[in-house]
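# Here you go, sequence then predicted model.
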Amino acid sequence: MMELTTDIEALKDRARNIRIDLLKALNNCKSGHTGGSLSSVDILTVIYFSVMRYDPANPSWQDRDRFIMSKGHGAPALYATLALAGYFPREELNNLRKPASILQGHPEYDVSIGIEATTGSLGHGLSASNGIALAGKLDKKDYRVYALLSDGELQEGATWEAITTSSYRKLDNLCAIVDRNRFQNDGAMDKIKDISPVADKFVAFGWEVEELEDGHDIQSLINAFDRAKSTKGKPFAIIANTIKGKGVSIFENKGHYHGVAPSDEELKIALKELGEAA
Amino acid sequence: MSKSAYSDYVLEEPGESIYIREVYGKTLVDLGKSYSDIVVLDADLTVSTKTNLFGKEYPERFFTMGVSEQDMMATAAGFALAGKRPFASTFAIFATGRAWEHVRQSIAFPKLNVKIVATHAGVTVGEDGATHQALEDICLMRVLPNMRVIVPADAIETEQVIRTITDNDGPVYVRLARAKFPTIYNSKYKFELGKASILRHGSDVGIFAAGIMVSEALQAAKLLEEQGIDASVVNLSTIKPIDVETIVSVAEKTKAVITAEDHNIIGGLGGAVSEVLSEHCPTRLKRIGMKDRFGTSGNGMKLLEYFGLKANNIAEAAIEMLNSK
Ligand SMILES: Cc1ncc(C[n+]2csc(CCOP(=O)(O)OP(=O)(O)O)c2C)c(N)n1
């Protein structure tokens, strides 16, 4: 059983390590999504080390909470988190994006390593999460389902179909987190296709919502997940205002770091900022 | 041999390798000058599909639809209904997969003048992996009535395809890829919608290919030549409407047929050639392609090797077919 903690400093340190690991993995395979991986790290850290009930030694345990990485291109952040949680050795991150590796460019369903659904095509993950949450209700299980969505994903019509299902079905065992970094592939979202106001939309669709001004603040995240757990009769959405590329100054809020891996030079700078000797 | 086995519009040695999606972007920019009714839509992949080049030049006719492929296709249909000449671009998997029913109902059925030009088809997508490698798109588009399906083989052909479809009313799907494609044609080449082009004339085996596999097929013909085997190589860039006449004539002149595609062997080029030959000229054939499976992450060009989609695989298949006669 994973031992959870609310020790802020310990959680911050895990987040730091996840950032280091994912950047090394991205640099090693020379491709992948840097900015959107970094913006999700603190959310993942809190979910995996402070919130979810699961056991990496018994990955198919029926009563485990489930996490779905709906923004599948953030796979490096998920993989580094799963490695730190003990699903597989950290060295496996060296095989990111290699043929037949368990760590493909986008997550591929494999419960044995903690990947609960295949994602990567945006707009699928929340529907899958609804299905798992509905099954939990049917089976009278008390497990909870967590889905991490990108803000770009809210441009997909399918996402709104799922958002409607969650509230119509009163899925209070479901918590969706929106990584609101305000960038998408082509640049700043308000220059491509603005989706604001996000919180108001979720409220209008029948969700309980908490918007975090700083979606990287560990304590705020912990508090929001607590509120989610105690909310009855409605699904819960955490709108986490984040910074794309968070944690490395040269990547922060830079649109073009969406789909490129850090070069050797950039990795050096990043590791230094994150306090790791290269 | 006194007369070359190659058609005069073919480079006997592969030319420069070029991103055909970049050719698409540049051609759009050029067409934008004379066609004021061209509008371009894209679903948050403008830098990858190269529609951003058009966007820079003609911002008022460029529509960033966000990550909304279904919305993009039906909006493109609306532009066509209002008399515009819309091009809609995104990755092949999302254009044909996510948005399939919107394409069927809103574009193909009413036969609207929408040009769907999708990039990043096939395994050469590379590292993004199976979720992003469209291996079913030819099949999904080919099955739609009114839809034409074109898979250019190099930069020269890509430019001509884009110009041809601009002047040709009705729905069309053009399949482009992420990787650089070796140039196979010289300036004498003239693309004709619905017409296959014979690149090499041989009497032992007929190889039908499309896209990146055309240059592999040409290399395969060289390998076979070393073994004294004379291959015909055909670029079947228009997969629909398919060129029955050329397919049958090549099958009749040769002793075996091979198809080669960076797509599932079910429903794509191999399927299309099989349908034609079964009806018109029953011929044994072997399909090189993705053998009813999904892709994987890895270097795009190396994945061709990984999945047995290289010239040597085509040549081996040809030899096997000829030996088992
Ligand atoms: C259905 C679909 N369309 C397009 C893409 C290609 N794509 C990958 S990430 C992305 C958008 C990235 O922006 P966002 O979703 O907000 O993610 P983040 O900024 O958190 O990285 C796009 C368009 C995709 N993965 N799925």
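In hand now; what should we look at?

# For the stretch 1-150 of chain A, list the residues in contact with chain B, please.
A:29, A:31-32, A:72, A:97-101, A:104-106, A:108, A:118-123 (CB under 8 Å from any CB of the partner chain). (C-beta placed from N, C-alpha, C; glycine too.)

# As a check, name the ranges of all strands in the stretch 101-250 of chain B.
Assigned by DSSP state E, counting those that start in this stretch, the stretch 101-250 of chain B shows strands spanning B:115-118, B:148-150, B:172-175, B:180-182, B:197-200, B:205-209, B:231-235, B:238-240.

# want to throw those strands into TSV with mean pLDDT, mean neighbour count and distance to the ligand?
Converted to TSV, the strands of the stretch 101-250 of chain B look like this (pLDDT from 0 to 100; neighbours: other CB atoms under 10 Å in any protein chain shown; distance: least, CB to the nearest ligand atom, whole Å):
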stretch	mean pLDDT	mean neighbour count	distance to the ligand
strand B:115-118	98	28	12
strand B:148-150	98	25	21
strand B:172-175	99	28	17
strand B:180-182	98	22	21
strand B:197-200	98	22	33
strand B:205-209	98	30	28
strand B:231-235	98	29	30
strand B:238-240	98	23	24
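
# Now tabulate those strands in JSON lines and tack on distance to A:Gly247.
Putting these into JSON lines (distance: least, CB to CB, whole Å) gives the following:
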{"stretch": "strand B:115-118", "distance to A:Gly247": "35"}
{"stretch": "strand B:148-150", "distance to A:Gly247": "45"}
{"stretch": "strand B:172-175", "distance to A:Gly247": "39"}
{"stretch": "strand B:180-182", "distance to A:Gly247": "34"}
{"stretch": "strand B:197-200", "distance to A:Gly247": "53"}
{"stretch": "strand B:205-209", "distance to A:Gly247": "47"}
{"stretch": "strand B:231-235", "distance to A:Gly247": "49"}
{"stretch": "strand B:238-240", "distance to A:Gly247": "47"}
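
# quick one: A:Leu149 and A:Ala176 touch, right?
Yes. In this structure, A:Leu149 is within contact of A:Ala176 by CB atoms under 8 Å, at 5.9 Å.

# Quick check: neighbours shared by these two?
A:Leu126 (CB atoms under 8 Å, 6 or more residues apart in numbering or on different chains).

# Write out the residues of chain A neighbouring the ligand.
For chain A, the residues in contact with the ligand (CB under 6 Å from any ligand atom) are A:33, A:35-36, A:39, A:71, A:73, A:120-123, A:150-153, A:179, A:181, A:183-185, A:244, A:258.

# Of those, which belong to helices?
Among these, DSSP state H puts A:Gly35, A:Gly36, A:Ser39 in helices.

# doesn't A:Lys246 make contact with the last one?
Translated: A:Ser39. Yes. Counting by CB under 8 Å, A:Lys246 is a contact partner of A:Ser39 at 5.2 Å.

# Out of the two, name the residue with the larger neighbour count.
A:Ser39 (31 against 22; other CB atoms under 10 Å in any protein chain shown).

# ok, for B:Ala210, nearest residue in space, not its chain neighbours?
Counting by CB to CB, 6 or more residues apart in numbering or on different chains, B:Ala210 lies nearest to B:Val151, which is 4.0 Å off, once chain neighbours are set aside.

# Kindly provide the distance from the one you found to chain A.
22 Å (CB to the nearest CB, to the nearest Å).

# and that residue, how many neighbours does it have?
Neighbours of B:Val151 under the rule other CB under 10 Å: 31.

# who are the neighbours in contact with A:Val178?
Applying CB under 8 Å, 6+ apart, we find A:Val178 in contact with A:Leu149, A:Ser150, A:Asp151, A:Leu154, A:Val198, A:Ala237, A:Ile238, A:Ile239, A:Ala240.

# Near the closest residue to the ligand within the stretch 151-278 of chain A, how many other residues are there?
When distances are taken as CB to the nearest ligand atom, the stretch 151-278 of chain A reaches nearest to the ligand at A:Gly152, 2.4 Å away. A:Gly152 has 29 neighbours, counted by other CB under 10 Å.

# What count of nearby residues applies to A:Lys201?
17.

# got the contact list for it?
A:Leu154, A:Ile195.

# Please determine how far it is located from A:Asp194.
A:Lys201 sits 12 Å away from A:Asp194, going by CB to CB, to the nearest Å.

# intersection of neighbour lists for A:Ser39 and A:Lys246?
Contacts common to A:Ser39 and A:Lys246, judged by CB under 8 Å, 6+ apart, are A:Asn181.

# pLDDT score assigned to the closest residue to A:Thr231 other than its chain neighbours?
Nearest non-adjacent residue to A:Thr231, counting by CB to CB, 6+ apart: A:Glu208, 4.8 Å away. Reading off the confidence values, A:Glu208 has pLDDT 98.

# tell me the domain boundaries of chain B?
For chain B, the structural domains run B:3-12+B:188-323, B:17-182, going by automatic domain parsing.

# average pLDDT across stretch A:146-166?
If you average the pLDDT values across stretch A:146-166, you get 98.

# buried ones in that stretch?
Buried residues in stretch A:146-166, defined by neighbour count with 16 or more other CB atoms under 10 Å in any protein chain shown: A:146-156, A:158-159, A:162-163, A:165-166.

# Please report the distance of B:Ser17 from A:Lys71.
33 Å.

# same question, B:Lys310
From B:Lys310 over to A:Lys71 the distance is 35 Å, taken as CB to CB.

# same check, this time on A:Ala270
From A:Ala270 to A:Lys71 the distance is 21 Å (CB to CB).

# likewise A:Asp190?
Using CB to CB, A:Asp190 is found at 19 Å from A:Lys71.

# Likewise for B:Ser324?
Note on B:Ser324: its distance to A:Lys71, by CB to CB, is 50 Å.

# more neighbours, those two?
A:Lys71 (29 against 9).

# A:Ser40 is in contact with that one, correct?
Yes. The pair A:Lys71 / A:Ser40 is scored as a contact, 7.1 Å apart, by CB under 8 Å.

# Could you work out the end-to-end span of stretch B:288-296 for me?
Start-to-end span of stretch B:288-296 (CA to CA, to the nearest Å) is 18 Å.

# Might you list the low-confidence residue ranges for the stretch 151-300 of chain B?
Judged by pLDDT under 70, the stretch 151-300 of chain B has no weakly predicted residues.

# for chain A, same thing?
A:277-278.

# and with 90 instead?
Within chain A, the segments meeting pLDDT under 90 span A:254-259, A:276-278.

# which residue is nearest the centroid of it?
A:Leu148 (4.4 Å; CA atoms, centre = their mean).

# tell me the contacts of it?
A:Leu148 neighbours (CB under 8 Å, 6+ apart): A:40, A:43-44, A:47, A:67-71, A:74, A:125, A:176-177, A:179.

# Test my guess that B:Lys291 contacts B:Ile265.
Yes. In this structure, B:Lys291 is within contact of B:Ile265 by CB under 8 Å, at 6.0 Å.

# And the two? Which one has more around it.
B:Ile265 (21 against 11).

# From chain A, how far out is the more buried one?
Separation of B:Ile265 from chain A (CB to the nearest CB): 20 Å.

# right, and that residue touches B:Arg287 too?
Yes. When contacts are counted by CB under 8 Å, B:Ile265 is listed as touching B:Arg287 (4.0 Å).

# shared neighbours of those two, which are they?
B:Thr259, B:Gly271.

# Just the ones in strands from the residues of chain A next to the ligand, please.
Residues of those located in strands (DSSP state E): A:Ser150, A:Asp179, A:Phe183, A:Gln184.

# which of the residues you listed are the two that sit furthest away from each other?
Across these, the longest distance by CB to CB is 11.5 Å; it joins A:Asp179 and A:Gln184.

# Any chance you could list residues touching both of those two?
Taking CB under 8 Å, 6+ apart as the criterion, A:Asp179 and A:Gln184 both touch A:Ser150, A:Asp151.

# Right, I'll leave it there.
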